[in-house]
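Visitor: here's my sequence, what's the structure:
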Amino acid sequence: MNFHLPSFLLGYGAGASTVLLGRHLRPVLLEIATVGWRFVDAVAARAAIQQEDVEDLFAEARARARAQARGRGNGHAHGGAARQRSAE
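Guide: Coordinates of the predicted model:
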């Protein structure tokens with residue numbers, strides 16, 4: 001394999017510029033990461049609130065369904081069986 005000077009210089013320049021720019025870009029990258037973290041944290045907080053709302057909704061639906069099932073077991077949900085017994 002032959003030594004290709006332009007490729008070597010391009011690679012060396014890319015490595016050197018990464019090291020030099022890395023020192024100057026660190027504060028910018030840190031700020032971008034901070035903003036990103038704030039965004040992710042806000043989305044996670046909203047998701048937790050929405051999840052809690054959905055859980056509350058399902059808990060209320062479950063309680064209502066159980067109350068209706070208890071009422072049907074006693075003949076009070078629709079009143080049909082209770083009315084027939086009282087009419088006899």
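
Visitor: spatially central residue for the protein, please.
Guide: When CA atoms, centre = their mean is applied to the chain, the residue found nearest the centroid is A47 (4.8 Å).

Visitor: I'd like the distance between that one and L30.
Guide: 26 Å (CB to CB, to the nearest Å). (Glycine included, C-beta is placed from N, CA and C.)

Visitor: just give me the neighbour total for G71.
Guide: 13 (other CB atoms under 10 Å).

Visitor: same check, this time on Q68
Guide: Counted with other CB under 10 Å, Q68 comes out at 13.

Visitor: swap in the one 5 residues further on?
Guide: Per other CB under 10 Å, the neighbour tally for G73 reads 9.

Visitor: can you tell me the element it falls in?
Guide: Using DSSP states H and E, the element containing G73 is helix 5-74.

Visitor: quick one, phi/psi of H4?
Guide: Note on H4: backbone dihedrals following degrees, to the nearest 10 are phi -110, psi 100.

Visitor: that one and G11, how far apart?
Guide: 10 Å.

Visitor: same check on G36?
Guide: 30 Å.

Visitor: the residue nearest to the centre of the chain and G15, how far apart?
Guide: Taking CB to CB, one finds A47 at 41 Å from G15.

Visitor: ok, now A44?
Guide: 38 Å.

Visitor: only C-alpha atoms, please: export stretch 58-66 in CSV.
Guide: C-alpha atoms of stretch 58-66 as CSV (Å, rounded to 0.1, in the frame of the first residue of the first chain):
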residue,chain,number,x,y,z
PHE,A,58,-59.0,3.8,35.4
ALA,A,59,-59.3,3.5,39.2
GLU,A,60,-62.5,5.5,39.1
ALA,A,61,-63.9,3.3,36.3
ARG,A,62,-62.9,0.2,38.2
ALA,A,63,-64.6,1.4,41.4
ARG,A,64,-67.7,2.3,39.4
ALA,A,65,-67.8,-1.1,37.7
ARG,A,66,-67.4,-2.9,41.0
